[in-house]
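1. need a structure here:
(2 chains)
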Protein chains: 2
Amino acid sequence: QKNIVNKVMGIAKDAKNLGEEDPRRIFHSIKVGLAITLVSLFYYFDFFYEGLGVSAMWAVMTVVVIFEFSVGATLGKGVNRGIATLLGGASGVAAHRLASFGGENQECIILGLFVFFIATMVTFIRFFPKLKARYDYGLMIFILTFSLISVSGYREDEVIKMANRRLSTILIGGLVTICICVFICPIWAGEDLHKLIASSIEKLGIFLEGFGHEYFEMPNDNKDHKEKKTSLDAYKSVLNSKGIEDSLVNFAKWEPRHGKFRYRHPWDQYLEIGSLTRECACRIDALNGFLNSDMQTTKEIRTKIQEPCTKMSSECSYALNELAIGIKTMTSCTLSADPHIRNAKTAAKKLKSSLQTGLWPETDLLDLIPAATVASLLIEIVSCTMKIADSV
Amino acid sequence: QKNIVNKVMGIAKDAKNLGEEDPRRIFHSIKVGLAITLVSLFYYFDFFYEGLGVSAMWAVMTVVVIFEFSVGATLGKGVNRGIATLLGGASGVAAHRLASFGGENQECIILGLFVFFIATMVTFIRFFPKLKARYDYGLMIFILTFSLISVSGYREDEVIKMANRRLSTILIGGLVTICICVFICPIWAGEDLHKLIASSIEKLGIFLEGFGHEYFEMPNDNKDHKEKKTSLDAYKSVLNSKGIEDSLVNFAKWEPRHGKFRYRHPWDQYLEIGSLTRECACRIDALNGFLNSDMQTTKEIRTKIQEPCTKMSSECSYALNELAIGIKTMTSCTLSADPHIRNAKTAAKKLKSSLQTGLWPETDLLDLIPAATVASLLIEIVSCTMKIADSV
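-> Next up, the predicted model:
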């Protein structure tokens, strides 16, 4: 019994965490509840007045199916569903009429062939990558409506009436959903994407800020050390952010003008920045490998390259932070980030020349120089990110 | 007009490519066509005999909605849909009965509150990451069935009849789908995952095989060079494979025993191998940066480290290839991969000691040593992959 209480408490705690992490989740749940209740009551009352009949349940269905977390996803699904129902219904009626020319016996065979042919074709079309990304749901609904309408064995005027009802109930459901989704605490995928990109750049900055300290101070104070370590590991989530970014861009493209974002906001540029950020994170991951590596160098050797290396990583981190702020506030960040990048470059040159003068014994270079090289690679990437950030 | 012809030709070509790339896509399309046609004709004939009435369309709907590319995804959606409909229907009937105690006027309010409460709760539950991964679709169908059944304004025996019909039609649609999906040219997600993991390891091997040659031979023969370059770039797809792997594992868990795979195949281990492979790909990406870097070293310096470096990368590539073959054929690959890894380790030691003796002028070490270090990192990763591959 105690076990069960513990489990319930655990679940409640998880739920609280989920809500605290992103309170919009709670708002979203309430919005969905509201929309479904509204449309369900509409269905309930409609039943008594027999306006739309059983078709009214399509309205409930539409709400449940298309209400997504962000405005973009909801609009995308709604538009897909609306247009696909219209087209599918129209072709279904057409197929029904064509088949009815064939007389009683052949009608069934002709309809079967139609359905088979269209379903196979459209399923194959769903594999085209471009269509899959944006119209997958619409193509599915097209198959559904087409086969439902074309094989329904009613007389022709009944079929048109049925197609008509299906379309109008879906419109009602879709409109209610979209209104509630857009006008009550809207959750914009574009804004999420914007924040995600800025925060990934920031995470890289945080790592670089801590890196110099972490690498050159010998780790003696263990507890404090552990804590820092976890804050440094934040960059790891950047490595696998591709999927989320892709879907957010996809949703953001459905969204109308809102807030600071123009109608044709350059969403694809975010993808570019995102992939550069990931590349940078990949280099940082390699750098991180040296932090945990077995091959430790003596302190003397480290101190020799400490100054330029620390300088490089901290200046890179300042530059990245400026870029992140620039993206967040949507101002040009060239002016504020430029000097840091220039500083980082000078530090890199200094490091190179100090290596060339050969002031040290040639032992154990192995784990010192990679750090420096990766840092200089970083500079390349930072300047690359710069170019793109300029154009926002 | 010519333009249109060109476009159509282009689309036809794309379609041909899609089909050639993976012929299972064509089979899948035909299977979907077949399933929909079968169920549609069932709906068509049922209409004349008035067996299930309008409810029969749920069968068509189920087929369209749950038929996915792989067996795992289809089974997952089917089981989710079936169980969710059952539970949703039962709670819907219960809610309907509870509300009917309240008398005519209050019934509507009580039902509205029920629907609002359940919809909000379940929508929030969908945010739990574990449930989202496996039961997202089922939770959605639960909300749908619950609100449809509970607000339908029929008398109680009618409601039970309706819930009953909905369940049986969904069962018919689901069974047809699953039979066609499993018994006609099944497409197993588990097999795909298996191949994907093996091919990513292979891709890394291909890169390493070409790397030694690429880095130490100066690029003079340009055309031949370009071709090789693209074959080396294959590893880049490994970097972003996380999303695909996750979903394949998810689907694979739904699949019953088939072929070489036992019922409780250790799918999670694939994820582990996958993430190690990605880490390795990340190092390779850093290594690749040096291939294209502006900082080019003179040939003399390169030749000095050529031998151990080439050895290391080629031995690593042999080991990775052995691992990939081992995974493909599901045999223990320790014996065949081990000597290569040992060779690679010896080469790494040799390189380290040659660095320590300090035979060269201390200029431009910068872009030589990183390559060596990354290679030695690779060895660590290879031996790590080894451990996991053993347990398959």
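
2. For A:Leu87, give me the pLDDT.
-> The confidence metric pLDDT takes the value 90 at A:Leu87.

3. Backbone dihedrals for it, please?
-> A:Leu87 has phi and psi values of phi -70, psi -50 when expressed as degrees, to the nearest 10.

4. Enumerate every residue touching A:Lys77.
-> Shown in contact with A:Lys77 (Cβ atoms under 8 Å, 6 or more residues apart in numbering or on different chains): A:Val65, A:Ile66, A:Glu68, A:Tyr137. To be clear about C-beta, it is placed using only N, CA and C from the backbone, and glycine gets the same treatment.

5. The same query, at a cut-off of 6 Å, please.
-> By Cβ atoms under 6 Å, 6 or more residues apart in numbering or on different chains, the contact set of A:Lys77 is A:Ile66, A:Tyr137.

6. go on, the one 4 residues further on?
-> For A:Arg81, the contact set (Cβ under 6 Å, 6+ apart) comprises A:Ile66, A:Ile141.

7. where's it, which helix or strand?
-> Using DSSP states H and E, the secondary-structure element containing A:Arg81 is helix A:71-100.

8. Show me what counts as buried in that helix.
-> For helix A:71-100, the neighbour count (16 or more other Cβ atoms under 10 Å in any protein chain shown) marks A:71-82, A:84-86, A:88-93, A:95-96, A:99-100 as buried.

9. Taking helix B:267-291 as reference, get the angle to the helix or strand that contains A:Glu272.
-> Of the helices and strands defined by DSSP H and E, A:Glu272 is found in helix A:267-291. Comparing the axes of helix A:267-291 and helix B:267-291 via axes from the mean of the first three to the mean of the last three Cα atoms, to 10 degrees yields an angle of 90 degrees.

10. and helix A:267-291, what does it pack onto?
-> If you count contacts as 3 or more Cβ pairs under 6 Å, 6 or more residues apart in numbering or on different chains; DSSP states H and E, helix A:267-291 packs onto helix A:189-216, helix A:242-252, helix A:369-391, helix B:267-291.

11. which residue does the stretch 51-200 of chain A bring closest to chain B?
-> Here the stretch 51-200 of chain A gets closest to chain B at one residue, A:Thr120, 3.4 Å apart by Cβ to the nearest Cβ.

12. re the thing from before, ok, of the helices and strands packed on helix A:267-291, where does mean pLDDT dip lowest?
-> The minimum mean pLDDT among the helices and strands packed on helix A:267-291 belongs to helix A:369-391 (a mean of 56).

13. Tell me how many other residues crowd the residue nearest to A:Arg24 when sequence neighbours are not counted.
-> Nearest residue to A:Arg24, sequence neighbours excluded (Cβ to Cβ, 6 or more residues apart in numbering or on different chains): A:Ile187, at 5.3 Å. A:Ile187 has 21 neighbours, counted by other Cβ atoms under 10 Å in any protein chain shown.

14. And A:Val182, by the same measure?
-> Number of residues near A:Val182 (other Cβ under 10 Å) recorded here: 17.

15. by contact count, what packs against whichever helix or strand it is part of?
-> Taking DSSP H and E as the definition, one finds A:Val182 inside helix A:156-183. The contact analysis (3+ Cβ pairs under 6 Å, 6+ apart) places helix A:156-183 against helix A:24-49, helix A:57-66, helix A:71-100.

16. orientation of it relative to helix A:71-100 in degrees?
-> Computed by the same axes, to 10 degrees, the angle between helix A:156-183 and helix A:71-100 is 180 degrees.

17. Buried residues of helix A:156-183, list them for me.
-> Burial within helix A:156-183, assessed by neighbour count using 16+ other Cβ under 10 Å, is assigned to A:159-160, A:162-163, A:165-167, A:169-174, A:176-178, A:180-182.

18. Likewise for stretch A:22-42?
-> A:24-26, A:28-42.

19. I would like the residues contacting it, please.
-> By Cβ under 6 Å, 6+ apart, the residues outside stretch A:22-42 that reach it are A:19, A:59-60, A:63, A:67, A:69, A:173, A:176-177, A:180, A:184-185, A:187, B:112, B:115-116, B:119-120, B:123-124, B:127, B:147, B:151.

20. Can you say which of those residues are buried?
-> Judged by neighbour count, with 16+ other Cβ under 10 Å as the criterion, the buried members of the contacts of stretch A:22-42 are A:19, A:59-60, A:63, A:67, A:69, A:173, A:176-177, A:180, A:187, B:112, B:115-116, B:119-120, B:123-124, B:127, B:147, B:151.

21. thinking again about what came up before, possible to save the helices and strands packed on helix A:156-183 as a markdown table with distance to B:Lys7?
-> Supplementary listing: the helices and strands packed on helix A:156-183 in a markdown table, determined by distance: least, Cβ to Cβ, whole Å:
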| stretch | distance to B:Lys7 |
| --- | --- |
| helix A:24-49 | 41 |
| helix A:57-66 | 32 |
| helix A:71-100 | 20 |
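
22. which stretch in the ones you listed has the least confidence?
-> In terms of mean pLDDT, the lowest-scoring of these is helix A:24-49 (a mean of 80).

23. could you give the angle of it to helix A:189-216?
-> With the same axes, to 10 degrees as the basis, helix A:24-49 and helix A:189-216 are set at 160 degrees to each other.

24. and the angle for helix A:24-49 with helix A:57-66?
-> Between helix A:24-49 and helix A:57-66, the angle comes out at 170 degrees (the same axes, to 10 degrees).

25. Can the helix or strand that contains A:Lys130 be said to contact chain B?
-> When secondary structure is defined using DSSP H and E, the element that contains A:Lys130 is helix A:129-151. Yes: Helix A:129-151 comes into contact with chain B when judged by Cβ under 6 Å from any Cβ of the partner chain, the residues involved being A:Ile143, A:Leu144, A:Ser147, A:Leu148, A:Val151.

26. Look up phi and psi at A:Gly102.
-> Comment: the main-chain dihedrals of A:Gly102 come out as phi -80, psi 0, following degrees, to the nearest 10.

27. That one contacts A:Gly112, doesn't it?
-> No: the pair A:Gly102 / A:Gly112 is not scored as a contact, 11.6 Å apart, by Cβ atoms under 6 Å.

28. What is the neighbour count of A:Lys132?
-> Neighbouring residues of A:Lys132 were enumerated by other Cβ under 10 Å; the total is 12.

29. Would you mind measuring from it to B:Phe251?
-> Taking Cβ to Cβ, to the nearest Å as the criterion, A:Lys132 is separated from B:Phe251 by 17 Å.

30. go on, A:Phe45?
-> Distance, A:Phe45 to B:Phe251, using Cβ to Cβ: 42 Å.

31. and those two? which has more neighbours close in?
-> Between A:Phe45 and B:Phe251, counted using other Cβ under 10 Å, the more crowded position is B:Phe251 (25 against 14).

32. which residues touch A:Ile11?
-> Taking Cβ under 6 Å, 6+ apart as the definition, A:Ile11 has no contacts.

33. Average pLDDT for the helix or strand containing it, rounded please.
-> Secondary structure assigned from DSSP H and E places A:Ile11 in helix A:2-21. When pLDDT is averaged along helix A:2-21, the result is 83.

34. hang on, the earlier thing: average pLDDT for the helix holding A:Val182?
-> According to the model, helix A:156-183 has a mean pLDDT of 81.

35. repeat for stretch A:123-141
-> Taken as a whole, stretch A:123-141 has a mean pLDDT of 85.

36. contact partners of that stretch?
-> In this structure, residues lying in contact with stretch A:123-141 by Cβ under 6 Å, 6+ apart are A:Lys77, A:Asn80, A:Arg81, A:Ala84, A:Val122, A:Asn250, B:Leu18, B:Arg25, B:Ser29, B:Val32.

37. ok, the fourth one to A:Ile141 distance?
-> Put plainly, it is A:Ala84. 4 Å.

38. cool, the last one as well?
-> Shown here: B:Val32 relative to A:Ile141, a distance of 14 Å by Cβ to Cβ.

39. Next: the third one.
-> As for A:Arg81, its distance to A:Ile141 is 5 Å (criterion: Cβ to Cβ).
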